[in-house]
Each structure stands twice: as structure tokens, then as C-alpha cells.
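> I'll drop the sequence and a predicted model, then ask my questions.
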There are 2 protein chains.
Amino acid sequence: MKRVFNFSAGPAVMPEEVLRQAQEEMLDWHGIGMSIMEVSHRGPEFQSVLEQAEADLREVLKVPSNYHVLFVPGGASTQFAMVPLNLLSETNKEADYIETGLWSQKAVQEAKRYGVINVAAQTKLHEGLYSLPLQHEWRLNPKAAYVHYTPNETVGGIEFHWVPKIPGIPLVADMTSSIMSKPIDVTQFGVIYAGSQKNVGQAGITIVIIRDDLVRDPLWHTPMLYRYKTHAEHHSCYNTPPTYAIYMSGLVLAWIKQQGGLTVLEERNKRKAKKLYDCIDEHGDFYFSNVVPECRAMMNVVFWLRREELTKEFLTQAAQAGLMNLRGHRIAGGCRASIYNAMPEAGVDRLVEFMEDFAKRCS
Amino acid sequence: MKRVFNFSAGPAVMPEEVLRQAQEEMLDWHGIGMSIMEVSHRGPEFQSVLEQAEADLREVLKVPSNYHVLFVPGGASTQFAMVPLNLLSETNKEADYIETGLWSQKAVQEAKRYGVINVAAQTKLHEGLYSLPLQHEWRLNPKAAYVHYTPNETVGGIEFHWVPKIPGIPLVADMTSSIMSKPIDVTQFGVIYAGSQKNVGQAGITIVIIRDDLVRDPLWHTPMLYRYKTHAEHHSCYNTPPTYAIYMSGLVLAWIKQQGGLTVLEERNKRKAKKLYDCIDEHGDFYFSNVVPECRAMMNVVFWLRREELTKEFLTQAAQAGLMNLRGHRIAGGCRASIYNAMPEAGVDRLVEFMEDFAKRCS
């Protein structure tokens, strides 16, 4: 068995130790003679997995006790509806959205079904370079029920390296591709949500961290499973949850702790990203980034070949060298190296080496 | 490693061959150097898994070409809302429901949010025995947009062994705990749905088989991911689906084919159920079923000890003998042996032996 370096944007590379543990426990979890996927979600075995996963998540992200941690079935796109359905009300259907890429656009589209959505700011394009709007440029609605933004846009590779401060209005963040990449201050947010398939396990659940007072009665037509209340009151077990996906998230969270937590991972992630962006900038006649340096994403390094016609060959040769899934998003094109926590530094080193070599050979 | 006999109602026992294959492929699926859970849902590897799973499901259930097969994230409780949201309309908000147990009750509750729901028939209780209402007893509404029923109620262990015929009105069936237990004639249904975690894999997806003409514009407030149209138009890949859960369903479907398909499994399942019900009836002074023989479920054998105070001891000793998860549903009490496809006949034989022995020792 050979393992390759997998730069997929998600579902993405998992820590090898986690896969090995899952492999070992597949037919017999902790000596019970059954796989964890074969037992009731209400039994003591799975309940212990769920409790430990929540405890580890709380520890790693330092989640205060006035926040619920929910494991909601399905991907983060569920939240594009759940946020407005639960945070808007009959008396206030206004909300602000910051539109900085494909995912925040999708969030806006879905929210418009339920409320009056103000796009308070958008990505800026100046001389071929994208940048994020500074907070003083945001045209916020003081009556908004919440402000929604996407700290990291996976497709464009553009990231907020600061957290907006909006006194009195809950801040909602789609952290799907940045969660667990660095420490955060949860108290700055009303709701944080993140699909699991990048830095917290396999696809199939979304982690929702929500402040107590925001768990309230939703709009009347909200389905039972789209109510935060349902998940909060039943501790993520209103109906059968995706038990194996939660188990895998638990293994990943334990791994994060073993690595030394988010401070350690952030250092490593910064180093990994710097190596790649440095390589791109140092070979600026061959590669380029279309994002200003201060907004470049740490997890998703998007880049382009100056001679676009070489992209296919670049991807083919990279794959031959065991550097997989570097193709850019199907809508955006170009190249993208997603370097989540589970991507070892050796993978980034190998990619840098390959990029330098390819540039030399094709220049 | 020892494996036990696991009678869990769901998540439930998986075929051991399936677990072994998943174990083997965990770090390296088909020689790609990655787990199938690590690759993009839009890449060729996962797309081939999805296509094969759908093809096998269509083959095994003989699904006609005018039906869509959808893999919808989340459990079957999502369908309690999706069915009315998609099948009711502004001009017709009436639907009929047959209420025969916990699950159909939940379906009724959720549907009432969206429409005028007529409970057309209910389970009957006569001299301590439950039975299902015959079709001539159903008080159907001729203007109903659809009729919903639950062919097998997992909690009560009560099953329709016939399919209602309602000309001109789509029949919707929650087959969560009966799908894949026997051949069915799909053309008798408008919509079939089933959570995966009993006979089609691990928890996390619901299989929806829906006739073309029923995939239509839903009520205005339906979230994007609660629209059958979204899943049908995007071949179950509108957003990141629970890829590993679909992979596991694919392995189970391939296993079903290897076993000889549903005709072979039905024979085996009938035999397994008969052995257990015969044991209960033959020891009628010690055990009893509260369902009339013609309505007893093939997959979930619910039974009681005449001396209810012995139940705890029965469950403890059963567990000591490697017969796990025989406790009845937390609401119903009693005992329940769920004997899905993956429960080998040897497990049923062992249980019968244990029940006979326990009865003898305690009589």
C-alpha cells in the first residue's frame, strides 16, 4: 500500500493515524465485538463517543459553557437555510451578509427565500488582485437580526485574518474550511458552523456552535430537523444521527489534542502556507496568486500558471509525482493546494520542490 | 477479536464481509493511495462509487426508469417534512396518513405543520393483540395529494404483508426497516424512502425512490436541500454528500447481489422470523407476542416475558451468551430481536436455543 499527498479541497486528507485506528476498530470497537457503526445511537457505546467528541471539541476550541455544540446531519449548505430560519423572526426579517465568494453567495441566495437580505460588502478587485472589504467599508443595517460572513472562501482562497466587531448584533460565521486551523475566540460569534469534511473528519455532519440565547423558536414553517432547538434539546440525537461520521470526528479531535492543540497546528499551518506562497511569489514570472498577500487563505492556496495552457500538463506531472487533486475548483479553474491540518509538512515540501522544478523545465 | 450476535434495531449489524472490505480499503481504495472518504465527491473515484451504488440498487429492487433514486443526507425523519413540502401544493394541502405506530405518528405530526392531515386508519387493539386496519376500513379522502403509510413499524414489530391499492393517488411508504428484506413492486408506489442504517449500510443517508412526475416545485418555503428537485437535478451531489455512508451502502448492495438478491434473502428472512415466532408461540406460557400472527414483522421480532420482572435477567444472560441488544424500544419496553439481512441464521438459532433454555430454567 502506498499513500499519496492529497491536496483535495474536501472531502480531504485525513490524518493517517486516524485512518489506522478506524481500520483497526472496524470489526470490533473497544472489545465489544461490534463496529461502532453497528450499535444504537442511544446505547452507552455511541453515547460515550458523542460525549467525548463534544468534550474534545469544547476543549480544543475553548467553547464557553453558554454555547451549545451541535452535530447536525448533512453538509454546511443546510446552514444556509437554518441560519435565517432560526435567527429571523416574524418581527425582524432583515439580515446583513458579506459576499466574498461562491459560498457566501450561496448563503445569500438561500437566505433571500426567508428574509430581506442586505449585502453589506463584497470582495474588491483592483488590478487583477482580489481583496476583502475592510470593516469601515461595510454598509451595515443597524436593525439586522444578524451579520453573516465566510471567514475563508475555499474556492477563491481568500481569508479574513481579522474578526469583525459588531456590537449588539450576532455574528454568524461559516468556518467550514478554516475551523481547527488556528485558535479562535468563540465569544466573538453568535453562531459558528462548519461542514466536517475538511478539518474535522469525513463528510456527513456540520458542527454548529451556537450561543444559548440564539436557540429560539424559528419561523413557523421550519422542519423539525432544521430547528437548532431540536438538536440542542436532544443533544444531537433527536433521530438517528450519522454515528460513524461523528465517531470519525471524535478520532480527528483526539488527534488534534495529541498534536498539541490549535496553537501548535496554527504554527505548522502558517509555515506550510508561507512555503507555498513564497514559492509562487519567487517564481512570479511562472506562477501567480490573484489575492493580495494580506488576504491569502492559509488552508487553500489558489494559484495560476502564467501560461494557462500548461495547467493540464502541470496537473498531470504532479499526479505522476504523487501530488494529487491540485486542480482548481471546477468553476474557478487554475490550481489549488488545500493544506488542511492532516497534510504533512513533507507534502508541502514535495509540492514546492515539484513546482520549482516544473517552472525551471518549462521556462 | 470476537464478533457477537447483534440484534440492534438500528444502527444495526452489517455483513461481516462488508466490514472486512471497508477495513481493507480504509487507507487505500482500489490502489489510489487514498481512502474513498478522502476524495472529492465530484472526482471520478467517488462518482464511480455513487453510480455503481445506484445501478445495484436499481437492479436489486427492479426500479423502473421513470423513477429517480436519490441519496438524501440525514435520517428518514427528514422525509417526514420533505414528503408534505414536496407533494402538497398551494392548491391542494390535503393528505391521508395511516397511523400504525411511533414512526407513522411522527410523520403525521410533522406533516400537520404543512397541510390538512387526515388520519385515515389506525392500528387496532383487540384482547391485547394489535392488528393493522384492512384497506376497506380506511376512510380515505378522495382529494388527498397522497397517502402515506409505514409498511413496517420498527418499534411495535407490526408489518403490512400486503400493499394498499389506491388508484390515482400516489402511495408514499416509509420502508426504513423493511427495505431490502424482500422483493417489492416499485410501480405500486409514488415515493419510497428508507433510512440506510438497517438494511442498506451505516446511518447518515436516506434512500428515496420517487416517480418522475412527483419531482416538482415544492411549497415556497422549502429549503434547497429539502427539495427532491435539487437532489434529482444534481444526481445527489448538489453539495458534498455523506460520501462514506454512500460507499458503505454500495458495499452492502453488492453483498445483497452476491447473496443472490432479494428472493433469496426473503426466503432466509422468512425462515429466521418463523423460527423466532415459533419459539415464542411454543413457549406461550413464558413468552408472548402482542401482534396477531398475520401482522407480525419479519425484521423486528417484538416479544415479552409473561413474568415481566424477569426481563432484565433475560437481557443480562443473553448478553453474557453473546446475544446483544435485545432490549425493546425505550418507549415500548419488552424485548426485540431485529433480524435484518446481515443477521446470520446461526444467530437466530443461538437465540432460539437460549430462549428455550432460559424458559426451562425459569419455569
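Now that the structure is in, tell me what you want to look at.
> excluding chain neighbours, what is closest to residue A:39?
residue A:45 (4.9 Å; C-beta to C-beta, 6 or more residues apart in numbering or on different chains). Using the backbone N, CA and C atoms, a C-beta is placed for each residue, glycine as well.
> ok, what's across the strand from residue A:211?
Beta-bridge partners of residue A:211, counted by DSSP bridges, are residue A:67.
> actually residue A:72, not the one I typed
residue A:206.
> I'd guessed it sits against residue A:234; true?
No - counting by C-beta atoms under 8 Å, residue A:72 stays clear of residue A:234, with 11.6 Å between them.
> got a list of contacts for whichever strand or helix holds the residue nearest to residue A:39?
Using DSSP states H and E, residue A:45 falls within helix A:44-61. Helix A:44-61 is contacted by residues A:29-30, A:32, A:34, A:36, A:39-41, A:63, A:69, A:71, A:179-180, A:183-184, A:186, A:207, A:209, A:235-237, A:241, A:243, A:246-247, A:249-250, A:253-254, A:256-257, A:261-262 when judged by C-beta atoms under 8 Å, 6 or more residues apart in numbering or on different chains.
> same check, this time on stretch A:92-99
A:84, A:87-88, A:104-105, A:107-108, A:111, A:114-123, A:133, A:138, A:140-141, A:143-150, A:164, A:169.
> how about a cut-off of 7 Å?
A:84, A:88, A:104-105, A:107-108, A:111, A:115-122, A:138, A:140-141, A:143-149 (C-beta atoms under 7 Å, 6 or more residues apart in numbering or on different chains).
> in helices, which of those residues appear?
Among the contacts of stretch A:92-99, the residues falling in helices (DSSP state H) are A:84, A:104-105, A:107-108, A:111.
> would you list these in JSON lines and tack on neighbour count and distance to chain B?
Output for the ones in helices among the contacts of stretch A:92-99, formatted as JSON lines (neighbours: other C-beta atoms under 10 Å in any protein chain shown; distance: C-beta to the nearest C-beta, whole Å):
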{"residue": "A:84", "neighbour count": "28", "distance to chain B": "10"}
{"residue": "A:104", "neighbour count": "21", "distance to chain B": "15"}
{"residue": "A:105", "neighbour count": "17", "distance to chain B": "13"}
{"residue": "A:107", "neighbour count": "26", "distance to chain B": "11"}
{"residue": "A:108", "neighbour count": "18", "distance to chain B": "12"}
{"residue": "A:111", "neighbour count": "23", "distance to chain B": "11"}
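> for those, work out which two are farthest apart.
With distances taken as C-beta to C-beta, the most widely separated pair in these is A:84 and A:105, at 14.9 Å.
> what helix or strand is residue A:192 on?
strand A:191-195.
> next, the angle helix A:44-61 makes with that strand.
120 degrees (axes from the mean of the first three to the mean of the last three C-alpha atoms, to 10 degrees).
> how far does strand A:191-195 sit from the chain's center?
8 Å (C-alpha atoms, centre = their mean, to the nearest Å).
> which secondary structure elements does it contact?
strand A:171-174, strand A:205-211 (3 or more C-beta pairs under 7 Å, 6 or more residues apart in numbering or on different chains; DSSP states H and E).
> give the pairing partners of that strand; include direction for each.
Strand A:191-195 has these strand partners (DSSP bridges): strand A:171-174 (parallel), strand A:205-211 (antiparallel).
> contacts for stretch A:236-253 next, please.
Contacts for stretch A:236-253 (C-beta under 7 Å, 6+ apart): A:15, A:18, A:21-22, A:36-37, A:41-42, A:46, A:49-50, A:52-53, A:56-57, A:60, A:70-71, A:73, A:196, A:200-202, A:204-205, A:225, A:230-231, B:10-11, B:75, B:77, B:195, B:197, B:202-204, B:242, B:245.
> how long is stretch A:334-351 end to end?
16 Å (C-alpha to C-alpha, to the nearest Å).
> stretch A:135-152 now?
With C-alpha to C-alpha, one end of stretch A:135-152 sits 16 Å from the other.
> got it, and stretch A:94-113?
Start-to-end span of stretch A:94-113 (C-alpha to C-alpha) is 12 Å.
> check contacts around residue A:176.
By C-beta under 7 Å, 6+ apart, the neighbours of residue A:176 are A:76, A:154, A:194-195, A:198.
> widest-spaced pair of these?
Of all pairs in the contacts of residue A:176, the most separated under C-beta to C-beta is A:154 and A:194 at 11.3 Å.
> now the contacts of stretch A:92-99: which count as buried?
Among the contacts of stretch A:92-99, the ones that count as buried by 16 or more other C-beta atoms under 10 Å in any protein chain shown are A:84, A:88, A:104-105, A:107-108, A:111, A:115, A:117-118, A:120-122, A:138, A:140, A:144-149.
> list the ones among the residues you listed that fall in strands.
If you go by DSSP state E, the buried ones among the contacts of stretch A:92-99 have A:117-118, A:120-122, A:147-149 in strands.
> could these be laid out in TSV, adding pLDDT and distance to chain B?
Formatted as TSV, these follow (pLDDT from 0 to 100; distance: C-beta to the nearest C-beta, whole Å):
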residue	pLDDT	distance to chain B
A:117	98	15
A:118	98	21
A:120	98	23
A:121	98	24
A:122	98	22
A:147	98	21
A:148	98	16
A:149	98	19
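> among those, which one sits closest to residue A:215?
When those are compared against residue A:215 (criterion: C-beta to C-beta), the nearest one is residue A:148, at 17.2 Å.
> quick one on the thing from earlier: just the buried residues from the contacts of stretch A:236-253, in PyMOL please.
Buried residues among these (16+ other C-beta under 10 Å), as a PyMOL selection:
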select buried, (chain A and resi 15+18+21+22+36+37+41+46+49+50+53+56+57+60+70+71+73+196+200+201+202+204+205+225+230+231) or (chain B and resi 10+11+75+77+195+197+202+203+204+242+245)
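> returning to what we had before: closest to residue B:276 among the ones in strands among the buried ones among the contacts of stretch A:92-99?
Distances from residue B:276 to these, taken by C-beta to C-beta, are shortest for residue A:148, at 53.7 Å.
> and the closest one, what is it in contact with?
Contacts of residue A:148 by C-beta under 7 Å, 6+ apart are A:83, A:95, A:97, A:107, A:172.
> hmm, which of these are the buried ones?
A:83, A:95, A:97, A:107, A:172.
> any chance of these in a markdown table with pLDDT as columns?
As requested, those are exported to a markdown table (pLDDT from 0 to 100):
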| residue | pLDDT |
| --- | --- |
| A:83 | 98 |
| A:95 | 98 |
| A:97 | 98 |
| A:107 | 98 |
| A:172 | 98 |
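> I'd like the ones in helices among the contacts of stretch A:92-99 as CSV, with distance to residue B:330 appended.
CSV is the format used below for the ones in helices among the contacts of stretch A:92-99 (distance: C-beta to C-beta, whole Å):
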residue, distance to residue B:330
A:84, 34
A:104, 42
A:105, 44
A:107, 38
A:108, 42
A:111, 38
